[in-house]
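K.L.:
Sequence isn't available, so here's the structure alone:
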């Protein structure tokens, strides 16, 4: 039996092997870049999703409480204080609300409430707290229990609308108007018609704070909403009726006095 010397022997040439290896390397590098981009995108999106969730919950809680806001049974009805923390607004808000479900005996659908920022000693960032006191206390600005409703804030601002203008502050602790000018100051008494809430959140809450307490330089995420106070009109109408009654009684007293003088 003779072997055929002309039998076909097929194999890859060196050029084909080099081209195949180059194509395989290109595919692997492209796959790695796509995978790395997906991982980086996930790392960037996941913290922001948590920030959006925190902002949504905080806005919903504050809006629901403000819609049922009512005057505090004290020298003032509604108190909004403007202050600054580290160059960012850190306002306080004090009021009462009917948006409360009784949990214990001798409680009603009423509680004194506060919103304020406080620094977290562990993370070095600010958290948003809500203080609630369902019992009538001698000092409505203290007492009760607090709960954390949002974390990783850089600032909080509350603005107040009286039907015409927006104000940075509202009310006075003493309950009396300042006689510093003849211009009417409607933001010193009663309740506002609406409250505009602005919250600044850290866009990268997982970033570490520097040893000197320096915050990261990432641009913050800003969330804003407006809550209308449903009981503001009744509060203002009652206040105006009280003032009209007082003015009427004073007029009657003046008339009586003048009549006595004429006699």
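P.N.:
Yep, it's here. Just so you know, these numbers come straight off a predicted model, no measurement behind them.
K.L.:
What residues of stretch 108-124 count as buried?
P.N.:
Buried residues in stretch 108-124, defined by neighbour count with 16 or more other CB atoms under 10 Å: 110, 111, 112, 113, 114, 115, 116, 117. C-betas here are computed from N, CA, C, even on glycine.
K.L.:
List of residues touching it?
P.N.:
Defining contact as CB atoms under 8 Å, 6 or more residues apart in numbering, one finds that stretch 108-124 is touched by 62, 65, 70, 72, 85, 90, 92-98, 100-102, 125-134, 136-137, 140-141, 143-144, 151-153, 155-156, 158, 209, 213.
K.L.:
Buried members of those into PyMOL, please.
P.N.:
In PyMOL syntax, the buried subset of the contacts of stretch 108-124 is picked out as below (16+ other CB under 10 Å):
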select buried, resi 62+65+70+72+85+90+92+93+94+95+96+97+100+125+126+127+128+130+131+132+133+134+140+141+144+151+152+153+155+156+158
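K.L.:
Let's see which of the contacts of stretch 108-124 end up in helices.
P.N.:
In this view, the contacts of stretch 108-124 that belong to helices under DSSP state H are 62, 65.
K.L.:
wait, which of the buried residues of stretch 108-124 is closest to residue 40?
P.N.:
residue 117 (31.4 Å; CB to CB).
K.L.:
hang on, that closest one in a strand?
P.N.:
Yes. With DSSP: H, G, I helix; E, B strand; the rest coil as the criterion, residue 117 is part of a strand.
K.L.:
So for residue 89, what's the nearest residue that isn't a sequence neighbour?
P.N.:
In space, and not counting its chain neighbours, residue 89 is closest to residue 157: 4.0 Å by CB to CB, 6 or more residues apart in numbering.
K.L.:
any idea how far that neighbour lies from residue 94?
P.N.:
15 Å (CB to CB, to the nearest Å).
K.L.:
Residue 104 now?
P.N.:
Distance from residue 104 to residue 94, by CB to CB: 23 Å.
K.L.:
Kindly report the same for residue 120.
P.N.:
Distance, residue 120 to residue 94, using CB to CB: 22 Å.
K.L.:
Residue 82 too?
P.N.:
13 Å.
K.L.:
ok, now residue 57?
P.N.:
Taking CB to CB, one finds residue 57 at 21 Å from residue 94.
K.L.:
hmm, back to that, could you dump the buried residues of stretch 108-124 into CSV with pLDDT added?
P.N.:
Shown next, in CSV, are the buried residues of stretch 108-124 (pLDDT from 0 to 100):
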residue, pLDDT
110, 84
111, 86
112, 88
113, 90
114, 92
115, 94
116, 93
117, 92
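K.L.:
all strands for the stretch 151-263 of the chain, in order.
P.N.:
Under the criterion DSSP state E, counting those that start in this stretch, the stretch 151-263 of the chain contains strands at 166-167, 194-201, 221-228.
K.L.:
And those: which comes nearest residue 43?
P.N.:
strand 221-228 (16.3 Å).
K.L.:
Now the closest one: average pLDDT?
P.N.:
The average of the pLDDT scores along strand 221-228 is 93.
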